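Student: sharing a model that was predicted from the sequence below.
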Amino acid sequence: DFLIRYILMFMMFLSFLKIDFKRIIHYCKRPWMIVTISVVQMFLFPALFYLVLSRFVSGELAVVVLLLFSLPSAILSPVLTGMFKGEVNLSVVLVVVNYIIAVFSIPFLFYVLVGKELSLNLNLMAYSLFEMIIIPMVLAAVVLYKFDEKVKKIDPYFNSISIICVFFIIIFALSPQHEY
């Protein structure tokens, strides 16, 4: 868990070295697009999947699916978006917004759809957001400010480094499951 967290932070750092902070501001100036995508992703999709699935499977399984679909975008999303030549700037904005919305959407969906009150550890979520996104973003901004030309020269290697990091995350995640 310890190593995985720092590998993810490093991967986010590499992703932030690729983003254009002016594009981030551009997306923030168009909040309706971000809000629409986030509402669909954080409210509509989980509710629809739960309502459809609850007709065909047991209640517990439907609740598990609701929880799974109501989670915010993974921290790894901007990394994968960059690997597949997608819009990393938009992915970063959506990850941050969805983490904030999740504080409200998950308890709301569980209360409305399942009839259960759910409380989340807001301090832990805020710390996770700070650790996984804000710290790598600030470090990347400082590195870009000081070494922009040097970063551009090594930029083509970032995807390969990220793939190696994903490999290590899988190894570290699966290694505790291995029976000796």
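Tutor: Now that the structure is in, tell me what you want to look at.
Student: where exactly do the helices run in this structure?
Tutor: Assigned by DSSP state H, the helices in the chain fall at 2-18, 21-28, 31-39, 45-53, 59-70, 77-83, 88-109, 122-129, 135-154, 158-174.
Student: so what does the third one touch, helix or strand wise?
Tutor: Pointing back at helix 31-39 there. In terms of contacts (3 or more Cβ pairs under 8 Å, 6 or more residues apart in numbering; DSSP states H and E), helix 31-39 is packed against helix 21-28, helix 88-109. C-betas here are computed from N, CA, C, even on glycine.
Student: repeat that for 6 Å
Tutor: The contact analysis (3 or more Cβ pairs under 6 Å, 6 or more residues apart in numbering; DSSP states H and E) places helix 31-39 against helix 88-109.
Student: identify all contacting residues around the helix it packs on.
Tutor: Contact partners of helix 88-109, identified using Cβ atoms under 6 Å, 6 or more residues apart in numbering, comprise 15, 18-19, 23-24, 27, 34, 38, 42-43, 46, 70, 72-73, 77-78, 81-82, 118, 129, 133.
Student: selection in ChimeraX covering whichever of these are buried, please.
Tutor: Applying 16 or more other Cβ atoms under 10 Å to the contacts of helix 88-109, the buried members can be selected in ChimeraX as follows:
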select :15,18,19,24,27,34,38,42,43,46,70,72,73,77,78,81,82,129,133
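Student: which of the helices of the chain sits most buried?
Tutor: Each of the helices of the chain was scored by mean neighbour count; the highest is helix 77-83, a mean of 21, by mean count of other Cβ atoms under 10 Å.
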